[in-house]
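Peer 1: Dropping a prediction and its sequence here:
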Amino acid sequence: MILRRTAIRFRYDGADLIQETDNAGTLQATYTFGPEVDEPLRMVRGALTSYYHQDALGSVIALSNSAGTISETYKYDAFGTVQTPSALGNRFLFTAREFDQQTSLYYYRARYYSPSLGRFLSRDPLSYLPDANLYRYVNNNPVNFIDPLGFTLTGGSIGPTILHHPAPDIVPLPRDSWPEPLPGPQRDMWPEPQIGSTDKPQGCPPHSTGQQPPRLYDPAGNESEDTSAEDRARELGLKGHENPQAPPGPGFIWKGNGQPGSGQGAWVNEGSGETIHIDINHPVPKPPHIGYRGPGGKYDVTSDGRVHPGGSKWW
């Protein structure tokens, strides 16, 4: 007997999964994300639309339907083993990373992670720089930290992701100052700088396109090379500050479980591919801002019209 399997193809927008298709190109599911890393907002699979709910660590704890009724809930142990996998086809579970039910592994971009073992299955691409243990997950402290990239420790929370190693003052380290790793193939897996480049990084998993959108700014000076993208972010961001409860422009509709203008959702323009996330009640040290995400990149806009690269530590 020959068992026939259906392949699923994944399409990414930068680091975020946005579509699933079968071999024939038939759309199976679409996903909408907020402006921050691993912030899923909505899943559309067939005729069913589901909305995500996350805890303080960023793990998905429930899905609700368009009527606001909870359709699924999830519980995890400390290292991410889910008690009951999704029956609705939801892939985003522990720390909002993609879960493969066939292998019971999570995809953390640079590496795969086993929640039953509580460790990664391959060596740290940065070798011994972050940790002497090349397979350990977040220094064995999964209730306080996350690792969205598979090699970068960060404090877990919904909102801006501040990427750092255990010693944040050394980020980012110049490549020529990294310690020499042990001989082996891991040297070829070191991530290359992606500024101004869309080349596929070394060591990308097979189902990832590996393509990253061109950077529109210099991280050292926060200066955009594409002023039109900044201007668009500033225009919509200032409108969001002026009236968070109103659409920032034509074609925008509110998607989320909270009231329009609240932090529990976003203004989404599916035609232009733009998302406006209202974050005017953000706790210190980051000031109130509007998170813009569009074809030109991700930006944070303050009430005085300043535009900053989204997700960066600019405050």
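Peer 2: Structure received. This one's a predicted model, so the numbers in the text were calculated from it and none came from an experiment. Residues are numbered from 1 along each chain as shown.

Peer 1: Tell me the secondary structure at residue 237.
Peer 2: Under DSSP: H, G, I helix; E, B strand; the rest coil, the three-state class of residue 237 is helix.

Peer 1: show me what contacts the nearest residue to it once chain neighbours are set aside?
Peer 2: Using CB to CB, 6 or more residues apart in numbering and skipping the chain neighbours, the partner closest in space to residue 237 is residue 301 (2.6 Å). For the C-beta atoms, the positions are set from N, CA and C on the backbone; glycine is no exception. Going by CB atoms under 8 Å, 6 or more residues apart in numbering, residue 301 touches 233, 234, 236, 237, 238, 240, 241, 289, 290, 292, 307, 308.

Peer 1: Need the residues you listed in a markdown table (columns: secondary structure, distance to residue 93 and neighbour count).
Peer 2: Output for the contacts of residue 301, formatted as a markdown table (DSSP: H, G, I helix; E, B strand; the rest coil; distance: CB to CB, whole Å; neighbours: other CB atoms under 10 Å):
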| residue | secondary structure | distance to residue 93 | neighbour count |
| --- | --- | --- | --- |
| 233 | helix | 31 | 28 |
| 234 | helix | 36 | 19 |
| 236 | helix | 32 | 23 |
| 237 | helix | 32 | 26 |
| 238 | helix | 37 | 16 |
| 240 | helix | 31 | 28 |
| 241 | helix | 34 | 18 |
| 289 | strand | 29 | 27 |
| 290 | strand | 29 | 26 |
| 292 | strand | 28 | 29 |
| 307 | strand | 34 | 23 |
| 308 | strand | 31 | 21 |
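
Peer 1: picking up where we left off before, quick check: bridge partners of the residue nearest to residue 237?
Peer 2: Counting by DSSP bridges, residue 301 is bridged to residue 290, residue 307.

Peer 1: and the gap between it and residue 144?
Peer 2: 30 Å (CB to CB, to the nearest Å).

Peer 1: Output stretch 251-263 as PDB - backbone C-alpha positions only.
Peer 2: Provided in PDB are the C-alpha atoms of stretch 251-263 (Å, rounded to 0.1, in the frame of the first residue of the first chain):
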ATOM      1  CA  GLY A 251      -9.300  50.900   3.400                       C
ATOM      2  CA  PHE A 252      -8.400  50.300   7.100                       C
ATOM      3  CA  ILE A 253     -10.600  48.100   9.200                       C
ATOM      4  CA  TRP A 254     -10.200  47.100  12.900                       C
ATOM      5  CA  LYS A 255      -9.100  43.600  13.500                       C
ATOM      6  CA  GLY A 256      -8.900  42.300  17.100                       C
ATOM      7  CA  ASN A 257     -10.800  41.500  20.200                       C
ATOM      8  CA  GLY A 258     -10.600  44.800  21.900                       C
ATOM      9  CA  GLN A 259     -12.400  48.100  21.100                       C
ATOM     10  CA  PRO A 260     -11.000  50.100  18.100                       C
ATOM     11  CA  GLY A 261      -7.900  52.000  19.200                       C
ATOM     12  CA  SER A 262      -7.100  49.600  22.000                       C
ATOM     13  CA  GLY A 263      -3.900  47.600  22.300                       C
END
